[in-house]
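Participant: Give me a 3D structure for the following:
(one chain, ligands or ions: 2)
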Amino acid sequence: MSVLRDNVNLGPAELRRQMADFVTAAGVFNGISAQLAERGGFRALYLSGSGVAGAMGLPDLSVTTLTELAEECRRITSVARSPLIVDADTGFGEAINVIRTVRLLEAAGASAIHIEDQVMPKRCGHLEGKKVIGAEEMGMKVRAAVEARKDEDFVIIARTDARAVNGFQDAVERAKFYLDCGADMIFIEALESEEEFRQFAREVDGPLLANMTEFGKSPLLSAQELKSLGYRAVIFPLTAFRAALKAMDSVYRDLFRAGTQRGFVDSLMTRKEFYSVIGYDQYAEDDSGIFREVQGMQARRGRGLI
Ligand SMILES: C[C@](O)(C(=O)O)[C@H](CC(=O)O)C(=O)O
Ligand SMILES: [Mg+2]
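Facilitator: Ligands and ions are numbered 1, 2, ... in the order given. As a prediction, this is how the structure comes out:
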């Protein structure tokens, strides 16, 4: 194993391969969380917009920039092999802006993006008070995204937030229209019951993605359940993020209170384990491999061989 040789993101072709069956994507928010998700068994990753903002201590209200998102995307895809689905919110503007959004995220190693039909500033799809743009305006964004991708395998996911705003039927109509406009997959946001998930899959004939975020409007269905309802993908956007927040919250409190970590060292990931997650030894091996190569070159030059 070499980081230099083997740590290559598999990209859109691998995501398409998984999409033919079912994609189970773990929500991640930086490089180390992506590596931990892969260690846990995941072979597809999801870069949550709320996670990106949250990790910066910011709300999920369109306050983070495309540059920041692309940077995070690049950081993840350069240390993880699994294809990454990226939450591009509203596409960072109108159709014309979506073109640049797709170019930058594709160049940053994303395998898919989703753009949504909310009015800016967008909010979490499971909160009250959302507004949606017209279907036609969103159709233009979808079309722009499709036209802008370089790799045909790059997956364009259209998200509709219309269920909570205009009702179930409008969400169905929009999904069909976004598929007509060229979307490869529909992200149906904030359905409210298992029955709605079933009904939506019956009415919309195309690849569907379900969002299993916690503390929202949707029931927490399993990957297996969603697959049997006819879905092609599931994301668990913030599960690990929320777990990390809870763990950090308690560790800071305990540490501050006790003034030492002696009482809970056993609950920490060891140096050895952490190094194994990030492939520390492989970096060191690559480095000494390069050193040996250069030493060899120098020796050959010394002997007049080169
Ligand atoms: C999927 C989502 O877009 C995200 O940014 O992760 C959020 C998740 C959340 O806020 O719970 C959303 O559903 O809007
Ligand atoms: Mg989001």
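Participant: tell me which helix or strand of this structure sits lowest on mean pLDDT?
Facilitator: For the chain, counting by mean pLDDT, DSSP states H and E, helix 3-6 ranks last in confidence among helices and strands (a mean of 67).
Participant: count of neighbours near A183?
Facilitator: 28 (other Cβ atoms under 10 Å). Using the backbone N, CA and C atoms, a C-beta is placed for each residue, glycine as well.
Participant: Need the nearest residue in space to it, chain neighbours excluded.
Facilitator: A158 (3.8 Å; Cβ to Cβ, 6 or more residues apart in numbering).
Participant: Pull up the gap between the spatially most central residue of the chain and R159, please.
Facilitator: By Cα atoms, centre = their mean, the mean C-alpha position of the chain lies nearest to Y46, the distance being 1.9 Å. Distance, Y46 to R159, using Cβ to Cβ, to the nearest Å: 12 Å.
Participant: ditto for T77
Facilitator: Counting by Cβ to Cβ, the separation of T77 from R159 is 21 Å.
Participant: what do you get for R257?
Facilitator: 43 Å.
Participant: likewise A107?
Facilitator: 22 Å.
Participant: The closest residue to P121 other than its chain neighbours sits in which helix or strand?
Facilitator: Using Cβ to Cβ, 6+ apart and skipping the chain neighbours, the partner closest in space to P121 is S62 (4.0 Å). Using DSSP states H and E, S62 maps to neither a helix nor a strand.
Participant: Provide a list of residues in contact with S62.
Facilitator: 89-90, 120-122 (Cβ atoms under 8 Å, 6 or more residues apart in numbering).
Participant: and what of G259?
Facilitator: Counting by Cβ under 8 Å, 6+ apart, G259 has no contacts.
Participant: Of all the residues in the protein, which one is nearest ligand 2?
Facilitator: Residue nearest to ligand 2 within the chain (Cβ to the ion): G49, separated by 3.3 Å.
Participant: Does that residue touch V63 like I think?
Facilitator: No. With contact defined as Cβ atoms under 8 Å, G49 and V63 do not form a contacting pair (10.4 Å).
Participant: more crowded one of these two?
Facilitator: Just comparing G49 and V63: by other Cβ under 10 Å the higher neighbour count belongs to G49, 23 against 11.
Participant: Can you read off the backbone torsions of that one?
Facilitator: phi -60, psi -40 (degrees, to the nearest 10).
Participant: Go through the longest helix along the chain and flag the buried ones.
Facilitator: If you go by DSSP state H, the chain has its longest helix at helix 280-302. For helix 280-302, burial by neighbour count (16 or more other Cβ atoms under 10 Å) applies to 282, 286.
Participant: quick check: mean pLDDT across that helix?
Facilitator: Averaged across helix 280-302, the pLDDT comes to 91.
Participant: other SSEs contacting it?
Facilitator: Using 3 or more Cβ pairs under 8 Å, 6 or more residues apart in numbering; DSSP states H and E as the contact test, the elements touching helix 280-302 are helix 3-6.
Participant: And what about Y46, helix, strand or coil?
Facilitator: strand (DSSP: H, G, I helix; E, B strand; the rest coil).
Participant: Can you name the residues that contact it?
Facilitator: 25-28, 84-87, 235-237.
Participant: repeat that with 10 Å
Facilitator: Shown in contact with Y46 (Cβ atoms under 10 Å, 6 or more residues apart in numbering): 23-29, 34, 37, 83-87, 112, 114, 209, 211, 233-238.
Participant: Kind regards, and thank you for your time.
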